Structures are given as structure tokens and as C-alpha cells.
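J.: Structure for this input, please:
(2 chains)
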Amino acid sequence: MEYLQVVYAFFACLGGCLIFNVRGKELFFMPLGGAVGWLVYLLAAPFGSDIFQNFVGTVVLSVYAEVMARLRRKPATGYLLVALFPLVPGGGIYYTMEYCIAGNTDLFLETGLHTLGVAGVLALGVLLVSSVVRMFNRSGWYRETNCK
Amino acid sequence: MDYDRLILMASDLGHLLLSSGAEIYRVEESMNRILIAYGVEQNDVFAIPNCIFITITTPGGKTITKIRRVHRRANNLDRVDRANDLCRRICREKPPLETAEKEIRGIAARPVYGLFMQTVAFCLVSFFFTLFWGGVLADAVCSIVCSVCMKGILLMSTRLRAYDFLTNLLASAAAAFIATAAVGLGLAVNYDKIIIGALMTLVPGITITTFMRDIMAGDLVAGLQRLTESLLVATAIALGVGLVLMVPRLIWGV
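T.: All right, here's what the predicted structure looks like:
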């Protein structure tokens, strides 16, 4: 039942694609990244840490984005933007605000810090993959689009 | 070689990329490559999310500078993709400037989804995110109502040229109001899930990730600018939702 979320994530990302004016076959491949990311998040549940789950999910979807970027010859950023949608801690942000209003300082701080942690981990995952790819790829890419 | 025209063409492409939401390094690199392709080795390009500065020194020793402001930005992945392709092609083939200019205009004129599709997109996102975060079907349907209402507010304030802060505040307040009203009337169950789902289209998650990447890539000014932007949006949303949730608490002490 939990895995139904993967399907939801796919269609939610499809909506995201439309907002970003994506056209053509990418309307399938970009949301697929979001679904893959969330599937990995769920599969990593046995490790028992929400932060770690987010990290693994982000790393896998970043790799997916880089691979698709090479295969489909599109900028990787598009795949990333759409696929990160389900992992963005929208719920965390909301509950942080709600606890703040309710005057529940303990829960407010706890949720707020946790949300910050998740956001940081998302950025870290994306950065890790894209910097590794850039490092290994730099010389090759420069040759390919040699401007001289 | 008409260098005035070349710098105009390069800055047009940069403007197109930046206004479609491309990353800073992509904008700078693209313009840099195009200028080198046409034989201008000495060029300096600097971009921040709402401005491009570009200076070249022609082989004849003349210096030309151009500044382009970018007033409106909207994420448009289709344009980024095409402009990126075009940039690579220009570098490879070095077409006459007229051809390149024509192609850039062609990309800028490419269609965007109409109002109906945009509303459908908003509905898709909010419907499935409400389910995704654990709402029941009634919640998801309610969040569709929220997002249609939000889209209306966004559209209106674009027409009225309201500030983004006010727009986001109003839109999120409307979503929160509809959600709490629906739960109060017994039409839906979890108002929190509805609000989270409906607000996913506004939450600056993307901007936050982009700002981290800008900072890491060394584009500090651009990064700070985006950070400020995302904080403003987040504050507006929190204020909008917070107000609506707080007022009943103050009145009825719920």
C-alpha cells in the first residue's frame, strides 16, 4: 500500500513538468525520475533514518538525471528540478509553521531543524553527483563541443 | 565581422537562457563559448539572476560593453533545452549572424502551455501530493478546489502587477481558508494534508536547491539573491497560512 506513493509521485511530477513547460517524450522520463527517487526512499526505510533515506533517494535520482541527460541529450537540470519535487520537505515546512503558531516551541525547533537537515541533504546529494560527473566529464565535454 | 551585432546576438541568447530559468554557469559558459567561436578571445561575462554584464575586446582593439536586465523569469525547461542545443550548434557551425538571430527569435516564440493546461498542471500537482502525503480522496478533491482558486489569484495579481510577496500571501491564505472551511463543514478530513498538497506549487523547494548549487559553483551573488528570493516566498506562504489558522484559534480558542 505504501508503494502507491510511487504512483502518486509520478503523476504529481507530471504536473510539475507541465508547470515548467516540458514537452515531448520528457513528459514521461522526467516524472519517472521522481518516481524512482521516491521508490529508493521507500526501499531505504530499513536503515531507519529519514535523513539517510532522503540522501539515498537524491543520489539515485541525480544519477538517473545525469544518465538521462547523456542518453537524451538534454540538460540534466530539468530532470533534477522535476524529480526533486516529492523529496522536497513540504510537509516539514508546513508542520514547522503550524507548531510555531500553536506556540509549541519544542516541536517547532525539532521539526524545523529536521526540515533544515532534509533540505541540506537534498542539496548535498545533488551536489555530490553533479560534481563527480563534472570532474570526470570535464575534459571529454570540452572536446566534444570544441569551439575552436 | 560586425562585433556590435555579435555581442547583441550573444546577449540575446544569454537573456533567453536566464529568463527561462537556466543556471548561472550555463548562461555564462554559453555566451563565453559563442564569443570564442566567432574569434573574440578576450571576453568577460558576468551574470546574476536578473542581470547580464558582457564586455568584449575585438581583435581590432575596440572594447564593447553591454548590460542586459532580466525583469521576468519563469522556469521553462523547453526553452532552456532548445537554447542549449542552439548554443552548441552555433559553436560548431558558426552560422552567419542573421541565421543565429533568427533561430534565437524562433526559440523565444515557441509556444507555452495555455491557461487551461496550466490549471490542469496545478490540479495534478495538488491532487496527487495530497494523496502522497497521506490525505484521503475527499482531501485530494478539496485541494483541487484550492489550487484552482490559487491559480486564479496568481493570474489576477499578474494582471494587476502586484508584488510576488502579496500574491503568495493571498494565494496561500486562500488555500488554507478553503481547506479549513471544508474540514469544518465535514467535506474533508485532514486540512493539513490539503494545505501541504495545494501549496506544493508555491513552495520554493527548487529555488533552495538551485541556490545551494550556485553557491557551490562559486556564483555567490547569484546564490544570495536566490536565497533571499526563496526566503521571501517561504515567509509569505507561512504568513498567509498562519494568519488563516491563527484567527479561529484566537476567536474560538480551538
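
J.: Now do the helices in chain B.
T.: Secondary structure of chain B by DSSP state H: the helices cover B:3-19, B:24-37, B:77-93, B:97-108, B:115-132, B:137-160, B:164-184, B:191-199, B:205-216, B:220-252.

J.: Just put these in JSON lines and tack on mean neighbour count.
T.: C-beta: built from backbone N, CA, C; applies to glycine. As requested, the helices of chain B are arranged in JSON lines below (neighbours: other CB atoms under 10 Å in any protein chain shown):
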{"stretch": "helix B:3-19", "mean neighbour count": "22"}
{"stretch": "helix B:24-37", "mean neighbour count": "22"}
{"stretch": "helix B:77-93", "mean neighbour count": "20"}
{"stretch": "helix B:97-108", "mean neighbour count": "16"}
{"stretch": "helix B:115-132", "mean neighbour count": "22"}
{"stretch": "helix B:137-160", "mean neighbour count": "19"}
{"stretch": "helix B:164-184", "mean neighbour count": "21"}
{"stretch": "helix B:191-199", "mean neighbour count": "29"}
{"stretch": "helix B:205-216", "mean neighbour count": "22"}
{"stretch": "helix B:220-252", "mean neighbour count": "17"}
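
J.: rank the ones you listed by pLDDT, which is bottom?
T.: Sorting the helices of chain B by mean pLDDT places helix B:205-216 lowest, at a mean of 76.

J.: that older thread, how about the helices of chain B in JSON lines, adding distance to residue A:75?
T.: Output for the helices of chain B, formatted as JSON lines (distance: least, CB to CB, whole Å):
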{"stretch": "helix B:3-19", "distance to residue A:75": "10"}
{"stretch": "helix B:24-37", "distance to residue A:75": "7"}
{"stretch": "helix B:77-93", "distance to residue A:75": "6"}
{"stretch": "helix B:97-108", "distance to residue A:75": "14"}
{"stretch": "helix B:115-132", "distance to residue A:75": "21"}
{"stretch": "helix B:137-160", "distance to residue A:75": "26"}
{"stretch": "helix B:164-184", "distance to residue A:75": "26"}
{"stretch": "helix B:191-199", "distance to residue A:75": "27"}
{"stretch": "helix B:205-216", "distance to residue A:75": "13"}
{"stretch": "helix B:220-252", "distance to residue A:75": "17"}
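
J.: Now for the residue in the stretch 151-254 of chain B positioned nearest to chain A: which residues touch it?
T.: Residue nearest to chain A within the stretch 151-254 of chain B: residue B:205 (3.2 Å; CB to the nearest CB). Listed by CB atoms under 8 Å, 6 or more residues apart in numbering or on different chains, the contact set of residue B:205 reads A:84, A:85, A:88, A:89, A:90, A:119.
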